[in-house]
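Enquirer: Pasting the sequence and the predicted model now:
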Amino acid sequence: MTGLLGPAELRALADRLGVHPTKRLGQNFVHDANTVRRIVAAADLTPDDIVLEVGPGLGSLTLGLLDAVDRVLAVEVDPVLAGALPATVADRARERAGALRVLTADALRVRRTELVEAAGGLEPTALVANLPYNVGVPVLLHLLAELPSLRRGLVMVQAEVADRLASPPGSRCYGAPSVKAAWFADVRRAGPVPRAVFWPVPNVDSGLVALTNHPPPSAVPREEVFALVDAAFAQRRKTLRAALAGWAGSAAAAERVLRAAGVDPTARGEQLTVSEFARIAREWQTVL
């Protein structure tokens, strides 16, 4: 890879643009070329991938991705950063400038039609992003729901969030984000990222999470399963019989549905797989 941004170049670019990283937007920019190379390699991309990058910032990762794939669609909420990105790419990787598309939008609210149109009518096939710490999970789940065309993903998030997303049932970190991510994909930790590779340096550790998409585990509508998951983990210390009483209408009704689904009413939500949650939701449909 050539033309990647180092620490001095990143800061000089920020100064030229009058950009001051804000905690509100979760802006921590990667300035280490080796980290960029590592992320691009770990993303397991193919040259024909259409990569969706969320929060490209000053373009550190964007430049690395453009070296590996046919097209990158960068979604940036900050209009100053979005406006400057094409010029940065033209300056540092002129031969790849035509492969970049930029959409100024909030990734938490952007719709599939906007993304496909911005990508030149092409469906994104891979998600690679340094997600803002404050909205990492909602953004990831929103994009996975909006873009069934995504085949794989690699996202950088707060280390604690990475643990939650990749945790298996029964583990301490397993929760609603774990179950919801598992609805869309096989999820695994793909390594730590040290604080020193960011500017400004965050006060938390980061981690990479790799996703390989798979079909939904059930034909039950996702929204119904996710509502059940939220109810189960809202009171995670309680048994499912008690935690789902409000969702089912009563503890007795919750127990009937759980038993019909083959789930122990005295179990807790943290013990169930996404398929078991889907089975409970399916059984609930039969009693409506």
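Expert: Cool, got the structure. Numbers count the residues shown, from 1 in each chain.

Enquirer: Quick one: the helices in the stretch 151-288 of the chain, in order.
Expert: Secondary structure of the stretch 151-288 of the chain, counting by DSSP state H, counting those that start in this stretch: helices at 159-166, 176-184, 222-234, 240-243, 245-248, 251-260, 274-286.

Enquirer: among those, which is nearest Asp205?
Expert: Smallest distance to Asp205 across the helices of the stretch 151-288 of the chain (CB to CB): 3.9 Å, for helix 159-166. Every residue, glycine included, has its C-beta placed from N, CA and C.

Enquirer: Now do Gly262 against Glu283, distance only.
Expert: Using CB to CB, to the nearest Å, Gly262 is found at 9 Å from Glu283.

Enquirer: Counting neighbours, go ahead and name the busier of those two.
Expert: Set Gly262 next to Glu283 and count neighbours by other CB atoms under 10 Å: Glu283 wins out with 18 against 10.

Enquirer: show me what contacts that one?
Expert: Contact analysis of Glu283 by CB atoms under 8 Å, 6 or more residues apart in numbering lists 257, 260-261.

Enquirer: Show the buried residues in the residues you listed.
Expert: Buried positions within those, assessed by neighbour count (16 or more other CB atoms under 10 Å), are 257, 261.

Enquirer: All the strands of this protein, in order from the start?
Expert: With DSSP state E applied, the chain shows strands at 29-30, 50-54, 71-76, 100-104, 126-130, 152-158, 185-193, 198-199, 206-213, listed in chain order.

Enquirer: Spatially nearest residue to Leu52 (excluding sequence neighbours)?
Expert: Using CB to CB, 6 or more residues apart in numbering and skipping residues adjacent in sequence, the residue nearest Leu52 is Pro124, 4.0 Å away.

Enquirer: Gln285 reaches Pro221, doesn't it?
Expert: No: assessed by CB atoms under 8 Å, Gln285 is found out of contact with Pro221, at 9.1 Å.

Enquirer: which neighbours do those two share?
Expert: Overlap of the contact sets of Gln285 and Pro221 (by CB under 8 Å, 6+ apart) is empty.

Enquirer: Tell me who's in contact with the residue nearest to Leu52.
Expert: 50-52, 73, 115-116, 147, 149-150.

Enquirer: Many thanks, have a good one.
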